[in-house]
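Participant: Let me see the structure of the following:
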Amino acid sequence: MTNAAIEVPEVEVTPDHHVTWEITETQEATVSVTFTCETTEITHERSVNTFGLDDDGIQVRLGEVARGVHNKICVGAITAQAEAPEVETPTEEA
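Facilitator: Residues are numbered from 1 along each chain as shown. I've put the predicted structure just below:
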C-alpha cells in the first residue's frame, strides 16, 4: 500500500458576507435572480428552479441558493466581473 499526499491550498474564508437577492424575471417553473454580496458588491445572476413551490417555498429556495452563492464568494469561485476594455472604433479620416 502506498501513501499519497495531496497538497490543498489554504483558502481564506470570510464569513461576514451578506447576500441579498432580487427576482428579475418570473417564468412558469423558474425565476431569474440577481444575488448581491453587500460586503464585496459582487453580483451574480442565475436562474433558479421553482417548480411546484408556492411563494413561501420560493423564498426558502432562494435562501438556500443565496447560501451557496455566499460560500462560492468566500472561496473565490464567484468573483467580481472584470470590466470590458474599451475598444476604439476606427474613424475615417478625410
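Participant: Which strand or helix spans the residue most central in space within the chain?
Facilitator: When Cα atoms, centre = their mean is applied to the chain, the residue found nearest the centroid is H44 (3.4 Å). Using DSSP states H and E, H44 sits in strand 43-49.
Participant: Near V33, how many other residues are there?
Facilitator: Residues contacting V33 under the criterion other Cβ atoms under 10 Å number 23. For every residue, glycine as well, the C-beta is placed using N, CA and C.
Participant: Check C37 too.
Facilitator: Counted with other Cβ under 10 Å, C37 comes out at 21.
Participant: Could I get the phi/psi values of it?
Facilitator: Main-chain dihedrals, C37, degrees, to the nearest 10: phi -90, psi 120.
Participant: Do you know the pLDDT at the residue nearest to the centre of the chain?
Facilitator: H44 carries a pLDDT value of 95.
Participant: Which helix or which strand is home to the residue nearest to it when sequence neighbours are not counted?
Facilitator: With Cβ to Cβ, 6 or more residues apart in numbering as the criterion, H44 has its nearest non-adjacent residue at 4.7 Å, and that residue is F35. Using DSSP H and E, the element containing F35 is strand 30-37.
Participant: which neighbours does that strand have in its sheet, and in what orientation?
Facilitator: Using DSSP bridges, the strands paired with strand 30-37 in its sheet are strand 19-26 (antiparallel), strand 43-49 (antiparallel).
Participant: now those as CSV including distance to Q59?
Facilitator: CSV is the format used below for these (distance: least, Cβ to Cβ, whole Å):
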stretch, distance to Q59
strand 19-26, 9
strand 43-49, 11
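Participant: ranking those strands by mean pLDDT, which is last?
Facilitator: strand 19-26 (a mean of 92).
Participant: before we move on, the earlier item: now do the contacts for the residue nearest to H44.
Facilitator: By Cβ atoms under 8 Å, 6 or more residues apart in numbering, the contact set of F35 is V19, T20, W21, T43, H44, E45, R46, V65, A66, V69.
Participant: residues in contact with the third one?
Facilitator: W21 makes contact with V33, T34, F35, T36, L62, V65, A66 under the criterion Cβ under 8 Å, 6+ apart.
Participant: what bridges to it?
Facilitator: Per DSSP bridges, the residues bridged to W21 are F35.
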